[in-house]
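Novice: Next input, structure requested:
(chains A, B and C)
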Amino acid sequence: MRIELRSVTRRVDGRRLVDAVTLAIEPGQTLLLCGPNGAGKSTLLKVAAGLVPPSSGEVLYDGRPLSRWGPGVRRRLGVLFHESLLYDELTVLDNLVFAARLWGVADARGRAEALVDEVGLRLAAREPVARLSRGMRQRLALARALVHQPEVLLLDEPFAGLDARWAAWLRERLAAERRRGTGIVLVVHEWRWAWPLADRAAVIVRGRLQRLVDARAYDADRFGAEYGRLMVPSGREPCGSMAAGIGPDALGPDGPEAEGMGGAGAEVGEEIRT
Amino acid sequence: MPTTTRTNRLQTVLLAIAVPAVVFALYMSLIWAPDERTLGTVQRIFYIHVGSAWNAYLSFLIVFLCSVGYLLRRSVSLDALAVSAAEIGILFTTLTLATGSFWARAVWNVWWTWDPRLTTTLIMWFMYVAYLLVRAAAEGEERRGRLAGVFGIIAFATVPLVHFSAIWWRGMHPNIIQTQGGIRMNMDPEMIVTMVTAVIALTLMNAALLAFRAGLEHVARHAAALRERVRLEVES
Amino acid sequence: MTYLRALAAIIWKDLRLEWRTGEALLTPALLALLLLLVIVFAFPPGVTGMEGVFTASLWTALFFAGTVGLSRSFARERAEGRLWGLLLAPVDRSAVFLAKGLASFVFLAVVALVTMPAFFAVFGQGLGAPLWRWVALAGLVLLAYSGVGTLVAAVAAQLRGGEVLFPVLLFPLLVPVVLAAVHLTDALLVAGGWGEARVWMHMLILYNILFWGVPYLIFEYVVEV
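Specialist: Okay, the predicted model is just below:
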């Protein structure tokens, strides 16, 4: 399924969280979405998923406005947000069985069991989620997003909290999904090591789409340099490091949470590089 | 803002009409109207009482309509109108309860009784205070408008309840207007004229208050938006 | 079909959570029984036999105890973005309201089932009417309660200090249900008292229709992010 955003703006209390963004999520392609904390990436995903109505502009699924699709179209979406969408008091298995049933998966229990094995939570299957470590939680949240075999994946910081082994698993899994024709959006703070996965890369700053490039034909270093410049407000000395652009002005309403997740992402990035 | 001057003129005109109208209505109800046969002069409180009760209903109807309108159109003015009407509605409900209480002291010899109509009016008062609580506890203009819109619709359920409570469930509250076998009023024609005048005068006052309060709300929001802009400018 | 399956899934999830936390069953049931104790001790000896005291105590205790579980019902969904998870399900969003409401109804019914016999026993009150009438009455009252309560809980969950505010928002709306419950209970206890009470039955049914129907129109707005 192809998701198209046509000059989508999301205004909340007079602030434009997403500002006139036109973007398409193509089947069988991976879109890398970059931007500082509070740039509007999470809001953009929620608008694309139909959770948040755009203040103006249109969201089209296969060329048809979202409002004219029935609720059944949501079966084709799989999402991962900052928030895990998990119930802490329920067990790992119950969380997955619930998600599978809610999405009308035919053999809910069988599917949940298979996913528990795939994300390596077999030993913790009957533990309540509250007892899981950060990385295990993230794996479970990913399993939850994949439980109904969606055609489009909207993933916000999917690598956050994963160790090298599971990050490699996820990369492989995403590559397999892409081959199967799944459209993927990756919001990744440490974009460099998600670069090989990407077909296209976009930069969003303060809700605006600043750059959209063909990642297959574009030089990663050039992209990095451009990204660095975009993140620094004009009139200031550009800095070399990625983190330089994250000033207080870039913090949106979900600033503190986004900050925490960004930090976790950076941690993983270092782990992977070593 | 060009709308401000227009609102100001509307406010002035409404107030210029409403104040003399209320004075005139007070003259009619306190001096011109005849004494009631059994209750005597205390019955004169009835005109303000009915006028206030009618305007309480009217205000809450405005809250309801603006709430529905806001949810569908997301217009900030409708939300401003809704909160203004709710506050004015609470004011008129308070007036209704107070005048009713004075009357009850003179006629029933108690300040308050748990008569169905009195009880349900009190519930209505609590309901709209709760509406204001929802507004106060919601964070963000967008969310406040949306949740208040939802609550403004739910709260309206209590309004017909008050109205029909006296019919469904016989209490001691007097029913002046009978609907069985055609509409009939058990009142002297001069009393009817006075009652209608009081209702009209208080409705005009309601309109004037609404215009002022909604205007104030607009100014307050404008100021809040400016403050936010200044804050953002200073930060960046 | 999909709708019913999603409905069943959410109710199953809520029952499962309840099994693990006891927030909507254990706490309200204990609170109701404690309120019973407080009421019995607060009245001077000898007064407890009165019907008025019995019905009023029964329903105020149940309604107050119920708020504890109801306010948790949506507050729990706010954390970790769980409500988004529900809203992304491929079914009409009214299913979320309906499922949460029905789950709350089940909890309230169980609480009533456990605590009501205690009230009858402590007050030395006989049934006075066939059992099915009591079941039907309690069912209708609790259904109305869970409908109103779920809607208000969904609003309160989005407010600052919503769980504290919840009873204040709920009770003005609930007064008609409380009154209907008390009057109908009195009518059941007094032989032949049913004639006057018919109005209250109508009120109760009307409330059920209103508060299970209106959310179909406005629930999307309640949960919009």
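
Novice: Which residues of chain C lie near chain A?
Specialist: C:2, C:5-6, C:8-10, C:12-13, C:16-17, C:20-21, C:79-82, C:84-93, C:224-225 (C-beta under 8 Å from any C-beta of the partner chain). Just so you know, the C-beta spots here come from the backbone N, C-alpha and C atoms, and that holds for glycine as well.

Novice: Quick one: buried ones out of those?
Specialist: C:2, C:5-6, C:9-10, C:12-13, C:16-17, C:21, C:80-82, C:84-93, C:224 (16 or more other C-beta atoms under 10 Å in any protein chain shown).

Novice: Just the ones of these in helices?
Specialist: Judged by DSSP state H, those include C:2, C:5-6, C:9-10, C:12-13, C:16-17, C:21, C:82, C:84-87 as members of helices.

Novice: Looking at these, point me to the pair that's furthest apart.
Specialist: Farthest-apart pair in those is C:Thr2 and C:Thr21; separation 28.4 Å (C-beta to C-beta).

Novice: is the top helix by length along chain B up against chain A anywhere?
Specialist: Under DSSP H, the helix in chain B containing the largest number of residues is helix B:189-235. Yes: Helix B:189-235 is in contact with chain A by C-beta under 8 Å from any C-beta, via B:225, B:228, B:235.

Novice: Check the last one and give its pLDDT.
Specialist: B:Glu235 carries a pLDDT value of 74.

Novice: Ok, the first one next?
Specialist: Confidence per residue is given as pLDDT, and for B:Ala225 that number is 85.

Novice: is it true that it touches A:Gly14?
Specialist: Yes: counting by C-beta atoms under 8 Å, B:Ala225 touches A:Gly14, with 5.7 Å between them.

Novice: Against B:Thr41, how distant is C:Leu36?
Specialist: The span separating C:Leu36 from B:Thr41 equals 51 Å under the rule C-beta to C-beta, to the nearest Å.

Novice: So these two - more neighbours on which side?
Specialist: Just comparing C:Leu36 and B:Thr41: by other C-beta atoms under 10 Å in any protein chain shown the higher neighbour count belongs to C:Leu36, 21 against 10.

Novice: check which helix or strand covers that one.
Specialist: In this assignment (DSSP states H and E), C:Leu36 forms part of helix C:26-42.

Novice: For that helix, C-alpha coordinates in PDB please.
Specialist: Only the C-alpha atoms of helix C:26-42 are listed here, as PDB (Å, rounded to 0.1, in the frame of the first residue of the first chain):
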ATOM      1  CA  LEU C  26     -11.000  -6.300  44.900                       C
ATOM      2  CA  THR C  27     -10.500  -2.700  45.900                       C
ATOM      3  CA  PRO C  28     -14.100  -1.600  45.200                       C
ATOM      4  CA  ALA C  29     -15.600  -4.700  46.900                       C
ATOM      5  CA  LEU C  30     -13.500  -4.100  50.000                       C
ATOM      6  CA  LEU C  31     -14.400  -0.400  49.900                       C
ATOM      7  CA  ALA C  32     -18.100  -1.200  49.600                       C
ATOM      8  CA  LEU C  33     -17.900  -3.500  52.600                       C
ATOM      9  CA  LEU C  34     -16.000  -1.000  54.600                       C
ATOM     10  CA  LEU C  35     -18.600   1.700  53.800                       C
ATOM     11  CA  LEU C  36     -21.200  -0.700  55.000                       C
ATOM     12  CA  LEU C  37     -19.400  -1.000  58.400                       C
ATOM     13  CA  VAL C  38     -19.000   2.700  58.700                       C
ATOM     14  CA  ILE C  39     -22.700   3.300  57.900                       C
ATOM     15  CA  VAL C  40     -23.800   0.700  60.400                       C
ATOM     16  CA  PHE C  41     -21.600   2.100  63.200                       C
ATOM     17  CA  ALA C  42     -22.500   5.700  62.300                       C
END
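
Novice: Packing partners of it?
Specialist: With contacts taken as 3 or more C-beta pairs under 8 Å, 6 or more residues apart in numbering or on different chains; DSSP states H and E, helix C:26-42 sits against helix C:51-78, helix C:94-123.

Novice: Can you list the buried residues in that helix?
Specialist: For helix C:26-42, by 16+ other C-beta under 10 Å, it's C:27-33, C:35-36, C:39-40.

Novice: Setting aside sequence neighbours, what's the nearest residue to residue 58?
Specialist: All of this is about chain A. A:Arg6 (4.4 Å; C-beta to C-beta, 6 or more residues apart in numbering or on different chains).

Novice: oops, I was thinking of chain C
Specialist: Nearest one to C:Leu58, counting by C-beta to C-beta, 6+ apart, is C:Phe119 at 4.8 Å.

Novice: Spell out which residues sit in contact with the one you found, please.
Specialist: Each residue near C:Phe119 by C-beta atoms under 8 Å, 6 or more residues apart in numbering or on different chains is listed here: C:36, C:54, C:57-58, C:61, C:125.

Novice: Could you do B:Ala207 as well?
Specialist: B:14, B:18.
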